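1. Requesting a structural model of the entry that follows:
(one chain, ligands or ions: 2)
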Amino acid sequence: MSDHSTHVEKNNLISVLKKDTGVNVYKCYQCGKCSAGCPVAFDEMEYPPSVIMRLLQTEDPKNEDLVKKSYAIWVCLTCEMCYTRCPMEIDIPTVMDYVRQVSVKEKKTNPKAKTIIASHEAFLSSIKSTGRLHEFGFVMGYKFKTFEFTKDVMLAPLMLQRGKLHLLPEKIKDLAHIAKIFKKTGK
Ligand code: SF4
Ligand code: SF4
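-> Ligands and ions are numbered 1, 2, ... in the order given. The predicted structure follows:
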């Protein structure tokens, strides 16, 4: 943990993360300020952000798996409170985002995160096909992924009435640009 540069060539999660994002989790010295300020650390997360940093620092595949399989990475709101408070300026939201991607890729997602992942996928699907969020398509996509067809269904007429839900999507002009972004990110 002392020599940060020697870790770059290793193949463990913390090193690959550093190589891909530039975020150096080795710099964490466990002051706990991130966890103290995180709005969901103690009610929703099984591991607060400082513990996630420590688990990654151990370079132990078992601990890496604890992080990849955690619910904590999915309930992170990307609010950046931790990043703002961190004396070492560690970009924890980027760490969370990176581990989420690894977790999906390695099929290690926490079962409790199923609906959160479904909403992420429905959101991306809407952006990919229209270039913006089409609320109705987003809701339908989410329901097909979760099979929660009847939940909150009574809200739909009210939302339609108030103009919050548009049945037909509006596409942006430069959809090709969006397609390029998705291609670049491998989605
Ligand atoms: S970005 Fe995530 S980990 Fe950081 S304070 Fe917000 S919710 Fe907590
Ligand atoms: S605030 Fe920064 S240094 Fe302190 S525990 Fe969190 S990540 Fe580590």
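2. As a check, name the ranges of all helices in this structure.
-> Ranges of helices in the chain, per DSSP state H, are 13-21, 33-37, 49-57, 61-68, 72-75, 81-85, 92-105, 114-130, 135-146, 155-161, 175-184.
3. Show me how far the second one is from its chain's centre.
-> The reference is to helix 33-37. 19 Å (C-alpha atoms, centre = their mean, to the nearest Å).
4. buried stuff in it?
-> 33, 34, 35, 37 (16 or more other C-beta atoms under 10 Å). Placement of C-beta: from N, CA and C, glycine included.
5. ok, so of the residues you listed, who is nearest residue 182?
-> residue 34 (31.5 Å; C-beta to C-beta).
6. Using the neighbour-count criterion, name the buried positions in stretch 62-75.
-> Buried-residue list, stretch 62-75, by 16+ other C-beta under 10 Å: 63, 64, 66, 67, 68, 69, 70, 71, 72, 73, 74, 75.
7. Can you give the contact residues for it?
-> 12-13, 40, 44-49, 52, 55-56, 96, 99-100, 102-103, 106, 108-110, 112-113, 116-117 (C-beta atoms under 8 Å, 6 or more residues apart in numbering).
8. try 6 Å this time
-> Here stretch 62-75 makes contact (C-beta atoms under 6 Å, 6 or more residues apart in numbering) with 13, 40, 44-47, 52, 55, 96, 99-100, 102-103, 108, 110, 112-113, 116.
9. got it, and stretch 91-109?
-> 17, 21, 23, 34, 49, 67-69, 73, 76, 78, 80, 82-83.
10. ok, 7 Å please
-> 13, 17, 20-21, 23, 25, 34, 49, 65, 67-69, 73-74, 76, 78, 80, 82-83, 86, 117 (C-beta atoms under 7 Å, 6 or more residues apart in numbering).
11. Can you verify my assumption that residue 59 contacts residue 16?
-> No. Counting by C-beta atoms under 7 Å, residue 59 stays clear of residue 16, with 11.1 Å between them.
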